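Asks: I'll drop the sequence and a predicted model, then ask my questions.
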Amino acid sequence: MSTISIRQLYSKRLFQLIQRNVLSIACLLVVVTWPGVERTQAQETIKASKAPVLSFEEKRIPTDAIIAITAWPSRMLKVAGTELFPWEIISVKIQEEVGFDPLTIERVDIVVGLPPIGAMVPSVGALFTLTTDASIEDLSSEIAIGPVDKRYSVDVRQLKEENYFIGSIDGKHHVVGTINYVVSMVKGNGKSSKLSTLCASLKPQSDLTVLIALDPVMPMIEGFVEGQIEMIPPAPAALAKAMVAHAEYIAISADLQQGLGGKSRLVIGSKTEQGAAEISKSWKSTMEFGLAMMKEQMVLPQESEKVQLATSHWLERFVPALKTLITPQQKGKRLMVETTSASMGIPGIGFAVGLLLPAVQAAREAARRMSCSNNIRQLGIAMLNHEYAYKKFPAAAIVDEKTGEPLLSWRVAMLPFLEQQALYDQFKLDEPWDSPHNIELLDKMPAMFKCPSSTIPNGKTTYLAVASEECGLHPTEPSEMRGFSDGTSNSILIVEVADEHAVPWTAPKDFAPSPEAIQKIVGSNHNGGYHVSFCDGSVQFIPQSMDIENLMGLFTRAGGEIVQLP
């Protein structure tokens, strides 16, 4: 196995481990750092004095840590508008369940590292700085298990949350995390690392600061990028390559208690000024790509013309403002994106509302797509029920017994298997679909024949059978299951087509596949592809980009092709 493959596998494992354990880590830290407490004399002391700006002690940062987060819970209490929060209730509740007054938490420094070899959770440690002395012996049994343990050469107690411990440096400094980081941070290692040097040089001063040292994990990131680069659009791919080649760290900070004057910053540190320029260039190209994609995805074809026009007008105002906010400014080897609460303020609410619109539209489209899939599944199951009852699949058309002329669609023949017997009985099966009698039934089309995302008039359908002498349904004769030598899971019976190729649902009009017909006719109102139903009753969403030669193999029932589904 190549080095790149090993990196790719390890990077994927790392991401899976972080995803698996991030919830338990977050719950643990939230329980211990909750800032809400009653307004005691201690709080007034904190409000009256400014906490000194301190960098995370270098000797407390494990040498393999890659992320450092510094937060000041005490400052959160100063945010305007929190005076009426139920601090009294929260304070008593936490003291009862945890065992100490959370008001005394002045600062929290969190570090995260890679999982040790053989471990299933990332290494993590949170150093709590208190304003008064506290003892881990006083922790509630709801939080900690058993007495103080001295086996690790430092005083620790195991927490109920599996894999986590708490240890004490002194009465005002305690560490919560995985045992390897608790021991390392309590004892101190006296060694510097990329992350510790970064913390010392930047001195986290904001209410919340996140620092990420990229050098220790860059080989894994590089392997992951190289393995996925062909699946990434050109602009984001160029940004990923620039970050791998030049980025040294990422810093995120936010001042929360300053109201409209508060600032939020994203800083990308590069190894050289030229590297920063390369990242900036790729960032701007990616930003243009992302904004163009947003424009395209927000103006949905299933919405009314008025809604589409209003969305376009809003985007004309929104996109330039958003572009200004997220365009980075280069300062030497650093790229910085900085916003203030005032700059986001009311405009930010507008942005948020605007961004919610595509989310709501996407949710609606997801529901429509699911409903469409269910419609086609019902039609496929009806086909199988017909085969079970008559030992044959229906012909694509109900034909004149004397002339063999197609009269009505297979969709009419399926009505008894779709709990539509009453409607089926109204048809004159010896007359064509557009006879004076049968044409009156066109508007009675059952809902399962129409895609919810379709905008076609009632009475037309985009669900067509795949019909030819070599395909799922024969145009005028029933077909037997034994004729599907390609396999029932490799032979398409029903396909979705674009709205402009919809047909009257009772008409014997279907889809005869060819490379040209696939390019022109097959499609849907769903983004990126369309649904098909296979002979075994399964439904799949086929990407619009699927190779046409492979598709042609799926449209035959006995062609002998070997097809790889996406």
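Replies: That came in fine, so what should we check first? Residues are numbered from 1 along each chain as shown.
Asks: what ranges do the helices span in the stretch 51-200 of the chain?
Replies: For the stretch 51-200 of the chain, the helices defined by DSSP state H, counting those that start in this stretch occupy 73-76, 87-98, 179-187, 194-202.
Asks: Of all those, which one is nearest Pro116?
Replies: Pro116 sits nearest to helix 179-187 of all the helices of the stretch 51-200 of the chain, at 6.2 Å, using C-beta to C-beta. Yep, even glycine has a C-beta here, placed from its N, CA and C like the rest.
Asks: could you say what helices and strands the closest one packs with?
Replies: strand 105-113, strand 123-130, strand 156-159, strand 165-170, strand 173-177 (3 or more C-beta pairs under 8 Å, 6 or more residues apart in numbering; DSSP states H and E).
Asks: in stretch 422-437, what counts as buried?
Replies: The neighbour-count check on stretch 422-437 (16 or more other C-beta atoms under 10 Å) flags 423-424, 427, 432-433 as buried.
Asks: hmm, which two among those residues are most spread apart?
Replies: Leu423 and Pro432 (17.5 Å).
Asks: now, among the buried residues of stretch 422-437, which is nearest to Lys194?
Replies: Using C-beta to C-beta, the buried residues of stretch 422-437 come closest to Lys194 at Leu423, 71.9 Å.
Asks: On the three-state scheme, the closest one is what?
Replies: Classification of Leu423 by DSSP: H, G, I helix; E, B strand; the rest coil places it in helix.
Asks: And for the one 4 residues further on?
Replies: Taken by three-state DSSP, the conformation at Phe427 corresponds to coil.
Asks: where does it land on pLDDT?
Replies: Predicted confidence (pLDDT) for Phe427: 94.
Asks: which residues does Met552 contact?
Replies: Going by C-beta atoms under 8 Å, 6 or more residues apart in numbering, Met552 touches 513-515, 518, 561.
Asks: that older thread, and the helices and strands packed on helix 179-187, which is most packed in?
Replies: strand 173-177 (a mean of 26; mean count of other C-beta atoms under 10 Å).
Asks: Between strand 123-130 and that one, find me the angle.
Replies: In terms of direction (axes from the mean of the first three to the mean of the last three C-alpha atoms, to 10 degrees), strand 173-177 departs from strand 123-130 by 150 degrees.
Asks: and the residue of the chain most remote from its centre, what element?
Replies: The C-alpha centroid of the chain is most remote from Lys402, which lies 58.2 Å away (C-alpha atoms, centre = their mean). For Lys402, there is no host helix or strand (DSSP states H and E).
Asks: how near is the spatially closest residue to Gly537 that is not a sequence neighbour to Pro234?
Replies: Nearest residue to Gly537, sequence neighbours excluded (C-beta to C-beta, 6 or more residues apart in numbering): Gly380, at 4.6 Å. Separation of Gly380 from Pro234 (C-beta to C-beta, to the nearest Å) stands at 39 Å.
Asks: Please identify which of those two sits among more neighbours.
Replies: Gly380 (21 against 10; other C-beta atoms under 10 Å).
Asks: Tell me the secondary structure of the more buried one, please.
Replies: helix.
Asks: With neighbour count as added columns, please give the contacts of Met552 in TSV.
Replies: Below are the contacts of Met552 laid out as TSV (neighbours: other C-beta atoms under 10 Å):
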residue	neighbour count
Pro513	23
Ser514	14
Pro515	11
Ile518	17
Glu561	14
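Asks: right, and out of those, which lies closest to Asn180?
Replies: Distance to Asn180 across those (C-beta to C-beta) is lowest for Glu561, with 54.8 Å.
Asks: show me what contacts Met218?
Replies: Val244.
Asks: name the element it belongs to?
Replies: Here Met218 is assigned to helix 218-228, by DSSP H and E.
Asks: Just the CA coordinates for the helix or strand just after that helix, please, in CSV.
Replies: Where DSSP H and E defines the elements, the next helix or strand beyond helix 218-228 is helix 234-246. Coordinates of each C-alpha in helix 234-246 appear next as CSV, following Å, rounded to 0.1, in the frame of the first residue of the first chain:
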residue,chain,number,x,y,z
PRO,A,234,-11.7,23.2,-9.9
ALA,A,235,-12.0,26.3,-7.7
PRO,A,236,-12.3,24.6,-4.3
ALA,A,237,-9.7,22.0,-5.5
ALA,A,238,-7.2,24.9,-6.1
LEU,A,239,-7.9,26.3,-2.6
ALA,A,240,-7.4,22.9,-1.0
LYS,A,241,-4.0,22.6,-2.8
ALA,A,242,-3.0,26.1,-1.8
MET,A,243,-3.9,25.5,1.8
VAL,A,244,-1.9,22.2,1.8
ALA,A,245,1.1,23.9,0.2
HIS,A,246,1.2,27.2,2.2
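Asks: quick one: the helix or strand following helix 234-246 to chain centroid distance?
Replies: Later in the chain than helix 234-246, the nearest helix or strand by DSSP H and E is strand 247-254. Counting by C-alpha atoms, centre = their mean, to the nearest Å, strand 247-254 is centred 23 Å from the centre of its parent chain.
Asks: what does the average pLDDT come to for strand 247-254?
Replies: Here the average pLDDT along strand 247-254 is 88.
Asks: got the angle between it and helix 194-202?
Replies: Using the same axes, to 10 degrees: strand 247-254 against helix 194-202 is 50 degrees.
Asks: What strands flank strand 247-254, and is each parallel or antiparallel?
Replies: Using DSSP bridges, strand 247-254 pairs in its sheet with strand 208-213 (antiparallel), strand 263-270 (antiparallel).
Asks: So for the shortest one, what gets flagged as buried?
Replies: Think strand 208-213. 208-213.
Asks: next one: the longest one
Replies: Applying a neighbour-count criterion of 16+ other C-beta under 10 Å, one finds 264, 266-270 buried in strand 263-270.
Asks: Next, give me the two most distant ones among those residues.
Replies: Among the buried residues of strand 263-270, Ser264 and Ser270 lie farthest apart (C-beta to C-beta), at 20.6 Å.
Asks: what does the domain assignment say about this protein?
Replies: 1-192, 392-555 (automatic domain parsing).
Asks: Now those domains in JSON lines, please, with extra columns for distance to Leu315.
Replies: Below are the domains of the chain laid out as JSON lines (distance: least, C-beta to C-beta, whole Å):
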{"stretch": "domain 1-192", "distance to Leu315": "33"}
{"stretch": "domain 392-555", "distance to Leu315": "18"}
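Asks: which one of those domains has the lowest average pLDDT?
Replies: Among the domains of the chain, domain 1-192 scores lowest, at a mean of 68.
Asks: rewinding a little: CSV for the strands paired with strand 247-254, including distance to Ser453?
Replies: Listed next are the strands paired with strand 247-254 as CSV, based on distance: least, C-beta to C-beta, whole Å:
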stretch, distance to Ser453
strand 208-213, 40
strand 263-270, 37
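Asks: Please, which helix or strand holds Met293?
Replies: Per DSSP H and E: helix 273-298 holds Met293.
Asks: helices and strands around that helix, which ones?
Replies: Partner elements for helix 273-298 (3+ C-beta pairs under 8 Å, 6+ apart): helix 234-246, strand 263-270, helix 305-326, strand 329-331, strand 334-340, helix 341-390.
Asks: Nearest to Ala126, out of these?
Replies: Between the helices and strands packed on helix 273-298, strand 263-270 lies closest to Ala126; by C-beta to C-beta that is 22.5 Å.
Asks: I would like the residues contacting the closest one, please.
Replies: Residues outside strand 263-270 that contact it (C-beta under 8 Å, 6+ apart): 206, 243, 246-255, 276, 279, 328, 333-341.
Asks: coming back round to it: the helices and strands packed on helix 273-298: lowest mean pLDDT?
Replies: helix 341-390 (a mean of 70).
Asks: about what we covered before: tell me the most buried of the helices of the stretch 51-200 of the chain?
Replies: Highest mean neighbour count among these (mean count of other C-beta under 10 Å): helix 179-187, with a mean of 23.
Asks: And that helix, how far out from the chain middle?
Replies: Computed by C-alpha atoms, centre = their mean, the separation of helix 179-187 from the middle of its chain amounts to 34 Å.
Asks: could you give the angle of it to strand 173-177?
Replies: Orientation of helix 179-187 against strand 173-177 (the same axes, to 10 degrees) gives an angle of 170 degrees.
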